[in-house]
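Student: below are the sequence and a predicted model for it; my questions follow.
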Amino acid sequence: MFFYFRRRRRRPANTPEIERMRSEAQRILPPRLQELARQHGFTYHQLRIKHNVSNWGSCSVKGNINLNLHLVRLPAELQDYVMLHELCHLREMNHGPKFHALLESVCPDHRKRAQALREYKLY
Ligand SMILES: [Zn+2]
């Protein structure tokens, strides 16, 4: 029983609500990521829509971007911020000065958006 509880907390169940968010995410996130990549000259390999409680998005060294389906709960400018953040990791894998300079160039108010994003919890 305890084990089951822990598993549920790590990997939330596929409730109808999650499935609804997943289809919305699959409808709106891929075209938006493509548009932002085109606008700023980024090339990524593959986009996957994921359901997890550890991050809004991630980027692999192979150039794959993962976006959390919970992004659909956010206002559009915060969705864009997460996508731009992950696109910048295609060129700078860490959070060093070069990464921040790049992020600043594609999203000048990224600090304000990062602050606003902290108001939203992943669950
Ligand atoms: Zn990052």
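Tutor: Ah, there it is.
Student: wait, is Glu35 part of a helix?
Tutor: Yes. Under DSSP: H, G, I helix; E, B strand; the rest coil, Glu35 sits within a helix.
Student: who does the closest residue to Asn55 other than its chain neighbours form a beta bridge with?
Tutor: Spatial nearest neighbour of Asn55, excluding adjacent residues (Cβ to Cβ, 6 or more residues apart in numbering): Asn68 at 6.6 Å. (Each C-beta comes from the backbone N, C-alpha and C, glycine too.) On the basis of DSSP bridges, Asn68 is bridged to Lys50.
Student: all the helices of the chain, in order from the start?
Tutor: 2-10, 16-40, 76-88, 97-106, 110-117 (DSSP state H).
Student: picking up where we left off before, quick check: the residue nearest to Asn55 vs Leu36, distance?
Tutor: Counting by Cβ to Cβ, to the nearest Å, the separation of Asn68 from Leu36 is 16 Å.
Student: burial check on the spatially closest residue to Leu84 that is not a sequence neighbour, number of neighbours?
Tutor: Distances taken as Cβ to Cβ, 6+ apart put Cys107 closest to Leu84, at 4.6 Å, once the chain neighbours are dropped. Neighbour count for Cys107, taken as other Cβ atoms under 10 Å: 22.
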